[in-house]
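Participant: this one's structure only:
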């Protein structure tokens, strides 16, 4: 017979480690009790604990070889603190909006162990506390009432593996109906709540007695399989592949899954065309993109007629830059086509071409619009041309209250020619919104590097456009003399052509390789480079780009290590198992139109407000405010994945390359990473991993019909 479970209770002092996927957490708990008590380490599946929370945990004491005595939790619940210390900790942790450490001290000093009872039942008495007026007392009472509702939901959800941070989001979404919604159809959570996926919802469903062949479950499984494919860059999946993927996920027979797919089609949630299954919105975007491109391509060219040879002579005199034959061809093509593509790697003169096009058209009194998918790419474009450039989202003007873009087919943009830079980053949905807003009277030039990684979002817009042969394409291959002096640029081209980069660079080079096979030593080298060597020698800020999230040299672990090395002290808070500290570099990981911030935007934490439960970050010279419950939109960004770096350039880049990354070691990934560095690139790792990446040119194919639809439309 197993030993009976022991119980300990106390407040969470510190979260030492948390795995987002399985919720395995290591935390420091201060046991309840009078007199001096020492913190203990608790470990186990502790979904989204918060510092300051009081928990009652059941489990067993164990002895870990490396970390010593710890309490292995089998089950736990969040409870109200009873001791004065616990109450102070709870209120001061920022869990109740309107009360930070300062007011927590004052309130608990005044009411002692009766504090929570006073807030709950006699909140008017809070006005007796120095600094709390009627308005703050009312806000505290409101926050407390909301927190109590969240608490009821939390107790229900914790039994199903969902922690307090997500409970707050669920309450925000459904209010008092939260438990009813979860009981009726837990799969609704996966659709409505960011951060809760199908597997979590499925776990709740099985615990609340939902049958394995429930139609809710089958439909949710199919949608999840399509969303997972979308996250991998596909716009659709072959019907048979979708059914196989959903069956593996759901472990049920084929027939009920086919029936569920039919029901989703009838309900209009999915579309099947040419035996390919789409989420309806993606099908609309892909079809619409092909239609809009075809309409634009077939419309009358309305740019002013000009003597091209004279225009080219004039622009070279204006800029003082001689143009190569391919650059001249690119400018001619852009000015004589409705839709055109200019593609090529770094140092081949794409910026010079854009600058020349802008100057020629401005001299002809034409209105030229410049845009790029990211803020940094748009800023670079402005600096290079001296003309105003902006993100595509800002160009189209998103209206949060209207839930869409201001500029669209009913209200098109005003301009004679649009130039879109960094087009390899353009996913199918944003491409569709952009094309809808371009008037048929305008021309458009897509500029980008087709050999870089494709967009983070679904689709393969630039490659599909080039491969469709539906529009003229100019490929630039010649590296210009000034660019040839940069080892970053020459090595990027070596890699792109399947050759190893030059590693024995001179001391004044901008490209270095540090050989190190051991992952822990790679981390130590990266820390030393970021903290000491690069700032001291070059005075540059460093961005670490890594092939993957997990592992010793993955983004998660590198962020923990680099935060401890570069920004170890100062005001901090913890959410979703991560520590956020004033001064930290963070990255937005999904589009948030309300805040006007987008996937891949980098910012720095400026202030933490524990009273109002807000984090204020600085992004491109402006302040953006996040509620604590929205912090899963921001990831620490001392290290980011190469995929997330697209469209950005950094003064100095470090890339760890190890054979443990072999799944993701691809030529276009290494090429993209190298081309992100402006003044310095350092690869740290093994030569074997480097050779693997250079040799592997099998880029993962994406399911997309854009090229097919464009070819079909052009016949």
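Facilitator: Received the coordinates, thanks. Bear in mind the structure is a predicted one, so any value in this text is a computation, not a measurement.
Participant: Can you name the residues bridging to residue 27?
Facilitator: Following DSSP bridges, residue 27 is listed with bridge partners residue 15, residue 42.
Participant: what's it in contact with, if anything?
Facilitator: Contacts for residue 27 (CB atoms under 8 Å, 6 or more residues apart in numbering) come out as 12, 13, 14, 15, 16, 41, 42, 43, 46, 49. Backbone N, C-alpha and C define where each C-beta goes, glycine included.
Participant: ranges for the strands of the stretch 51-200 of the chain?
Facilitator: 54-64, 68-79 (DSSP state E, counting those that start in this stretch).
Participant: re earlier: next, give me the two most distant ones among the contacts of residue 27.
Facilitator: Across the contacts of residue 27, the longest distance by CB to CB is 14.4 Å; it joins 13 and 43.
Participant: Looking at those two, which is more packed in?
Facilitator: A side-by-side neighbour count of residue 13 and residue 43, using other CB atoms under 10 Å, places residue 43 first with 19 against 15.
Participant: if we can go back for a sec, just the buried members of the contacts of residue 27?
Facilitator: Among the contacts of residue 27, those buried by neighbour count (16 or more other CB atoms under 10 Å) are 12, 15, 41, 42, 43, 46, 49.
Participant: May I see those organised as TSV, with distance to residue 328 and pLDDT added?
Facilitator: As requested, the buried ones among the contacts of residue 27 are arranged in TSV below (distance: CB to CB, whole Å; pLDDT from 0 to 100):
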residue	distance to residue 328	pLDDT
12	66	85
15	60	82
41	68	93
42	69	93
43	66	91
46	64	75
49	63	68
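Participant: Just the closest of the residues you listed to residue 703, please.
Facilitator: The shortest approach to residue 703 among the buried ones among the contacts of residue 27 belongs to residue 46, at 38.7 Å (CB to CB).
Participant: just checking, residue 582 touches residue 563?
Facilitator: No. Residue 582 is beyond contact range of residue 563, at 11.8 Å (criterion: CB atoms under 8 Å).
Participant: Do a quick rundown of the helices in the stretch 351-500 of the chain.
Facilitator: The residue ranges that make up the helices of the stretch 351-500 of the chain, judged by DSSP state H, counting those that start in this stretch, are 375-385, 392-396, 428-437, 461-467, 481-484, 487-496.
Participant: Give me the contact list for stretch 666-677.
Facilitator: Residues lying outside stretch 666-677 but in contact with it, judged by CB under 8 Å, 6+ apart, are 345-346, 449, 451-453, 488, 491-492, 495-496, 498, 501, 510-511, 543, 545, 547, 642-643, 645-646, 648-653, 655, 657, 681, 690, 693-700.
Participant: thinking again about what came up before, worst mean pLDDT among the strands of the stretch 51-200 of the chain?
Facilitator: Confidence, taken as mean pLDDT, is least for strand 68-79 of these (a mean of 84).
Participant: Which neighbours in the sheet does that strand have, and how are they oriented?
Facilitator: According to DSSP bridges, strand 68-79 forms sheet pairs with strand 40-45 (parallel), strand 54-64 (antiparallel).
Participant: How about residues contacting it?
Facilitator: Surrounding strand 68-79, the residues in contact under the criterion CB under 8 Å, 6+ apart are 5-6, 8-9, 26, 29, 40-46, 53-64, 151, 154-155, 158, 164.
Participant: longest helix anywhere in the chain?
Facilitator: Among all segments of the chain classified by DSSP state H, the helix with the greatest residue count is helix 134-158.
Participant: Correct me if wrong: residue 236 contacts residue 278.
Facilitator: Yes. With contact defined as CB under 8 Å, residue 236 counts as touching residue 278 (4.4 Å).
Participant: which one of the two has more residues nearby?
Facilitator: Legend: neighbour count by other CB under 10 Å for residue 236 and residue 278, higher for residue 236 (28 against 25).
Participant: Now do the more buried one, the pLDDT please.
Facilitator: 96.
Participant: And the buried ones among the contacts of residue 27, which is closest to residue 578?
Facilitator: Sorting these by distance to residue 578 puts residue 15 at the head of the list, at 8.7 Å, by CB to CB.
Participant: can I assume that closest one is in contact with residue 577?
Facilitator: Yes. Residue 15 sits in contact with residue 577 when judged by CB under 8 Å, with a separation of 6.3 Å.
Participant: right, and the secondary structure at residue 265 would be what?
Facilitator: Residue 265 falls in the helix class when you classify it by DSSP: H, G, I helix; E, B strand; the rest coil.
Participant: separation between the spatially closest residue to it that is not a sequence neighbour and residue 240?
Facilitator: Spatially, and ignoring its direct neighbours in sequence, residue 265 is nearest to residue 272 (6.1 Å; CB to CB, 6 or more residues apart in numbering). With the distance defined as CB to CB, to the nearest Å, residue 272 ends up 12 Å from residue 240.
Participant: Which one's more surrounded, those two?
Facilitator: residue 272 (16 against 10).
Participant: Now do the contacts for the more buried one.
Facilitator: 239, 265, 278.
Participant: For this protein, spot the helix or strand the model is least confident about on average.
Facilitator: For the chain, scoring each helix and strand by mean pLDDT, DSSP states H and E identifies helix 481-484 as the least confident one, at a mean of 69.
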